[in-house]
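*Asks:* Just need the structure, nothing else, for what follows:
(one chain, ligands or ions: 2)
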Amino acid sequence: MSDCLFCKIIKGEVPSTKVYENDYVLAFKDIHPVAPVHVLLIPKIHIDNLNCVTEDNIEYISKLQIAIKEVAKICGVKDEGYRVICNTGENGGQVVHHIHYHLIGGKKLGSKI
Ligand code: 5GP
Ligand code: ZN
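*Replies:* Ligands and ions are numbered 1, 2, ... in the order given. Alright, predicted model coming up:
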């Protein structure tokens, strides 16, 4: 999707602070961090959100799942723990409509929800 912010970040048209990258996944720092570690992990193809995950794009989501621990390690929070959130749709608070996982940590996190 050409007007998608995160597709533009993948293409390098919008700058980001890259944390990790492979053929399927890009991870970069959230521009408005809510904790000492706040990284967004995205697939390198446009998928709107969890409702759009299918057999055709599951390889990208699988790679995203595997990348979580690599990003956590790079950020120094793998062993102490962290939280992964995927806001979905209006009630889920999704603002950017390119599926992304927030990896948040670096401090003791509060409420589970
Ligand atoms: P959502 O609310 O859709 O789950 O999360 C979108 C996230 O993207 C927010 O945490 C917001 O701070 C982040 N964000 C929005 N625009 C940009 C940007 O241009 N660059 C970066 N690095 N993060 C962004
Ligand atoms: Zn996109």
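*Asks:* mind listing the strands in the chain by residue range?
*Replies:* Remark: strands assigned in the chain by DSSP state E are 18-21, 25-29, 37-43, 82-85, 101-105.
*Asks:* now the end-to-end length of stretch 51-65.
*Replies:* Stretch 51-65 has an end-to-end distance of 16 Å (Cα to Cα, to the nearest Å).
*Asks:* Check what contacts it and list those residues.
*Replies:* Stretch 51-65 is contacted by residues 22-25, 41-45, 47, 88-89, 99, 101 when judged by Cβ atoms under 8 Å, 6 or more residues apart in numbering. (C-beta placed from N, C-alpha, C; glycine too.)
*Asks:* List buried residues within those.
*Replies:* Applying a neighbour-count criterion of 16 or more other Cβ atoms under 10 Å, the buried members of these are 24-25, 41-44, 47, 99, 101.
*Asks:* number of nearby residues for Ser62?
*Replies:* 12 (other Cβ atoms under 10 Å).
*Asks:* With pLDDT and distance to Ala72 as new columns, can the buried ones among the contacts of stretch 51-65 be given to me in TSV?
*Replies:* Below are the buried ones among the contacts of stretch 51-65 laid out as TSV (pLDDT from 0 to 100; distance: Cβ to Cβ, whole Å):
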residue	pLDDT	distance to Ala72
Tyr24	98	17
Val25	98	13
Leu41	99	10
Ile42	99	16
Pro43	98	18
Lys44	98	20
Ile47	98	22
Ile99	98	19
Tyr101	98	11
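*Asks:* coming back round to it: save the contacts of stretch 51-65 as JSON lines, and put in distance to ligand 2 too.
*Replies:* Listed next are the contacts of stretch 51-65 as JSON lines, based on distance: Cβ to the ion, whole Å:
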{"residue": "Asn22", "distance to ligand 2": "18"}
{"residue": "Asp23", "distance to ligand 2": "17"}
{"residue": "Tyr24", "distance to ligand 2": "14"}
{"residue": "Val25", "distance to ligand 2": "13"}
{"residue": "Leu41", "distance to ligand 2": "13"}
{"residue": "Ile42", "distance to ligand 2": "8"}
{"residue": "Pro43", "distance to ligand 2": "9"}
{"residue": "Lys44", "distance to ligand 2": "9"}
{"residue": "Ile45", "distance to ligand 2": "8"}
{"residue": "Ile47", "distance to ligand 2": "8"}
{"residue": "Thr88", "distance to ligand 2": "15"}
{"residue": "Gly89", "distance to ligand 2": "16"}
{"residue": "Ile99", "distance to ligand 2": "8"}
{"residue": "Tyr101", "distance to ligand 2": "14"}
